[in-house]
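Novice: Sequence first, then the predicted structure, then my questions.
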Amino acid sequence: MTLRSDLLPALVAFESAARHQNFAHAAEELHLTASAVSHHVRKLEARMGVALFQRHARGVSLTAEGRHLADVASGAIHDLDGAMQDLRSRDDVRTVRITTLHSFAYTWLIPKLPAFARSHPDLRLRVDTEIALTRLDDVGPDLAIRHGPGRWPGLTAIHLMDETLFPVAAPALPGLAAVGSATDILHLPLVADLSHQGWHDWFRANGVRSGRLDEQFVFSDSTDMLRAASLGLGAALARERIVAPWLASGQLSRLPGEPMAGRYAYYIAYPAHRRPRAAVRRVIDWLVAQPVD
């Protein structure tokens, strides 16, 4: 079987799942969902025609074929990491690489970078928002700003800020004038993203029996969801830190109802086995010192 490029994400997911012997832990490491890791593994199994894991009530365990592939995949990834390390410039001690969500970079991090440039003119930042399978290892990014539980295998996590969620809509959204309570929002068109908490959770927290919700547009990125809401496509359930620019500009307004505490928070994460070098430590200290609003 020829190795195709579309199998590389599946191999990375499989290698992590094999190393942890747990899909959920692999998902946390790779910033995916457990179902996404399972999908990658099943795709690999289907392409190869063999079972790589035995699935049972207590979890998963590698088959003989899975163990063989895991050993090879781990060695190959280690070799690639080593080659990339050798190719890295030796004079990049001033450069710090950060990976984060696009929505967080766009609405919170980037607006604060002018202040960073003034206070740390000697440092260089490389910001990566393609994080689906980002590996925080010896050749990966120096830091990740992650939205999650704050516990990831092999990573040290520093709490950055908490989050709340509340509904917003464009002031010109049809039907908005009739909205006086959380229940009334059920009659509006709704847009959503793929966050861990959604409309059902918010309505439940506000004592509203939501039944079946009609989310006409669902986006993988929160920024796209808020852009759609600002164009009048529907009400959106927004995260406080992400929606701030839209509220400040008047493109979106808060709707009635109590805000819901976020199940997850934002954390700065880095490999637990690697002590942050001086430039990375300065960036961490700067991030922690930033006002959250």
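Specialist: Arrived safely.

Novice: how close does residue 99 sit to residue 144?
Specialist: 5 Å (CB to CB, to the nearest Å). In this view, the C-beta of every residue, glycine as well, is placed from N, C-alpha and C.

Novice: With residue 34 instead?
Specialist: According to CB to CB, residue 34 and residue 144 sit 19 Å apart.

Novice: how about the residue lying farthest from the centre of the chain, what does it touch?
Specialist: Here the chain reaches farthest from its C-alpha mean at residue 178, the gap being 35.2 Å by CA atoms, centre = their mean. Residue 178 makes contact with 184, 187, according to CB atoms under 8 Å, 6 or more residues apart in numbering.

Novice: try 7 Å this time
Specialist: The neighbours of residue 178, taking CB atoms under 7 Å, 6 or more residues apart in numbering as the test, are residue 184.

Novice: repeat for residue 192
Specialist: 198, 199, 215, 218, 225, 237.

Novice: quick one: secondary structure of it?
Specialist: strand (DSSP: H, G, I helix; E, B strand; the rest coil).

Novice: Now residue 157: closest residue in space that isn't a chain neighbour?
Specialist: Leaving aside its sequence neighbours, residue 157 sits nearest to residue 267 (CB to CB, 6 or more residues apart in numbering; 4.3 Å).

Novice: And the strand or helix carrying the one you found, what does it pack against?
Specialist: Element membership for residue 267, per DSSP states H and E: strand 265-271. In terms of contacts (3 or more CB pairs under 7 Å, 6 or more residues apart in numbering; DSSP states H and E), strand 265-271 is packed against strand 143-148, strand 155-161.

Novice: now the very next helix or strand once past that strand against strand 265-271, angle please.
Specialist: Downstream of strand 265-271, the first helix or strand assigned by DSSP H and E is helix 278-289. Calculated by axes from the mean of the first three to the mean of the last three CA atoms, to 10 degrees, helix 278-289 forms an angle of 170 degrees with strand 265-271.
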